[in-house]
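Asks: Need a 3D model of the sequence below.
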Amino acid sequence: MKPVLSALTLGVLASLSGCGYLMGDNGFFRDRGSDYQQAEVAPRMTIPADLQTRSIGDLLPVPGQVAAAPAGEDGFETPRPRPMLASADSSAFALQQQGSSRWLVAQLPANEVWPLLARFWSDYRVPMAEQDAALSEFSTEWVNFGEAAGNPLVRRMMPLLEDGRRVDDEEQRFRVRLEPGVNAGTSEIKVIHQNRDIGDSDSQWPARSDNPNFERGLLAELETYLNQSVSAGGSALVSSIINSGPVENSLEQDGAGNSVLYISADFNRAWADVGEALARADVLVTDYNRSSGVYYVDLDRTRSEKEEPGFFARWFGGDDEAEQQVADENQLQVRLTPSSNRIEVSVDAGIETAADSARARDLLERIQRGLNEGSNGGALLLPR
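Replies: Model prediction:
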């Protein structure tokens with residue numbers, strides 16, 4: 001027993017001495033945190049008398065006024081560079097949002113955008129109450145959407161109504177203001193929406209839109225129209241959006257066996273047509289994100305009616321987990337994805353979640369039927 005204790009004692013002493021050798025003041029891994037206390041101040045460096053000193057100047061000097069290059073004999077002047085387009089898809093008009101504020105940014109000066117806006121109202125046959133070029137404002141007449149349901153602009157606004165709300169007893173109007181943009185050569189388009197009961201005399205414009213969804217819908221429609229207007233063959237393309245029949249489409253299956261609806265059109269045309277097809281199919285659109293190309297739909301309810309639980313359902317288990325699970329399965333996303341020279345329309349349950357194959361195909365078939373019905377343009381009707 002004594003030899004074992006002696007060996008343990010020697011081992012402990014050796015380890016302690018080893019720690020001192022490694023971690024002590026003179027150890028290899030000593031703490032150098034207090035070395036500054038023993039630091040010595042070195043004498044100031046002096047330059048020998050036989051050498052000259054020179055201060056170091058600015059390594060990147062900013063030049064002063066640079067004289068312009070002399071003009072050529074032929075009088076040619078180098079033009080200023082054209083401003084780069086701000087959006088990723090090189091669109092001349094792009095929807096911007098900050099908080100609850102939305103507006104269109106145009107990569108064109110206001111004097112070039114103004115006639116395009118005037119043509120927008122003319123092509124959609126929206127009656128104007130005031131068109132002030134000095135203030136750069138358009139104000140529409142009061143319009144009853146219930147009497148103008150055949151107009152393409154109204155048809156694209158109606159899916160944006162809140163659940164269960166009707167506009168038959170209301171009048172709507174819009175004000176569009178054109179302002180100079182932040183950058184030179186750009187401009188901004190801002191929209192205000194106002195509604196009132198039929199027979200009301202309220203004519204004071206609100207500080208914010210009465211219906212933000214209508215404001216957003218008009219901005220989206222303006223974005224589509226104006227981008228088509230400035231593109232090659234813009235007049236023909238815009239006319240096709242307003243008055244043409246159905247676009248070419250086909251319902252197929254991709255390599256994974258998922259149902260996909262292909263539309264032979266550009267994104268702007270396909271986005272507008274799919275939104276209109278959802279409205280024809282009486283599918284409730286709860287929200288949308290045009291930048292991502294997604295419509296959020298709810299198959300549990302329709303646009304024309306809002307399903308409410310009954311009295312006994314509200315009191316005795318109308319919102320149990322089983323019903324909630326079914327409701328979640330019917331919250332779907334209709335996604336538009338550019339692919340080569342056409343648009344793929346697919347149905348997902350989420351960004352990375354596939355929807356039920358039967359439910360997805362059924363919704364795509366409803367969209368396809370809505371597309372094949374075509375569009376019948378109509379003029380807005382003034383309230384009497």
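Asks: tell me the secondary structure for the residue nearest the centre of the chain?
Replies: Nearest residue to the geometric centre of the chain (Cα atoms, centre = their mean): Ser291, 3.9 Å. At Ser291 the chain is in coil, as set by DSSP: H, G, I helix; E, B strand; the rest coil.
Asks: Verify the stated contact: it with Gln96.
Replies: No: taking contacts as Cβ atoms under 8 Å, Ser291 lies outside contact range of Gln96: 10.1 Å. C-beta coordinates here come from the backbone N, C-alpha and C atoms, glycine included.
Asks: and the residue nearest to the centre of the chain, what is it in contact with?
Replies: Shown in contact with Ser291 (Cβ atoms under 8 Å, 6 or more residues apart in numbering): Leu95.
Asks: give me phi/psi at it?
Replies: Dihedral pair for Ser291: phi -60, psi -40, per degrees, to the nearest 10.
Asks: Distance of it relative to Glu188?
Replies: Distance of Ser291 to Glu188, computed by Cβ to Cβ, to the nearest Å: 17 Å.
Asks: Apart from its chain neighbours, what residue comes closest to Gln96?
Replies: Val105 (5.2 Å; Cβ to Cβ, 6 or more residues apart in numbering).
Asks: Now for Glu188, how many residues are close by?
Replies: The tally of other residues near Glu188 (other Cβ atoms under 10 Å) stands at 17.
Asks: next one: the one 3 residues further on
Replies: Other residues lying near Val191 total 20 when counted by other Cβ under 10 Å.
Asks: So for it, what pLDDT did the model give?
Replies: Among the per-residue scores, Val191 shows a pLDDT of 94.
Asks: Pretty sure it sits in a strand.
Replies: Yes: if the criterion is three-state DSSP, then Val191 is within a strand.
Asks: Now do it against Asp197, distance only.
Replies: 22 Å.
Asks: Then Thr302?
Replies: 26 Å.
Asks: Of the two, give the one with the bigger neighbour count.
Replies: Set Thr302 next to Asp197 and count neighbours by other Cβ under 10 Å: Thr302 wins out with 13 against 9.
Asks: picking that back up, could you give me the buried positions within the helix or strand that contains the residue nearest to Gln96?
Replies: Element membership of Val105 [criterion: DSSP states H and E] is strand 101-106. Using 16 or more other Cβ atoms under 10 Å as the test for burial, strand 101-106 gives 102-106.
Asks: Tell me the one among those nearest to Asp169.
Replies: Ranked by distance to Asp169 (Cβ to Cβ), the buried residues of strand 101-106 are led by Arg102 at 27.2 Å.
Asks: so the closest one makes contact with Leu218?
Replies: No: the criterion here is Cβ under 8 Å, and Arg102 misses it with Leu218 at 10.0 Å.
Asks: what touches both of the two?
Replies: With Cβ under 8 Å, 6+ apart, Arg102 and Leu218 have common neighbours Val191.
Asks: picking up where we left off before, which residues are common contacts for Ser291 and Gln96?
Replies: In contact with both Ser291 and Gln96: no residue, using Cβ under 8 Å, 6+ apart.
Asks: I'd like the distance between the nearest residue to Ile351 once chain neighbours are set aside and Gly57.
Replies: Once flanking residues are discounted, Ile351 sits nearest to Gln333: 8.0 Å by Cβ to Cβ, 6+ apart. Separation of Gln333 from Gly57 (Cβ to Cβ): 61 Å.
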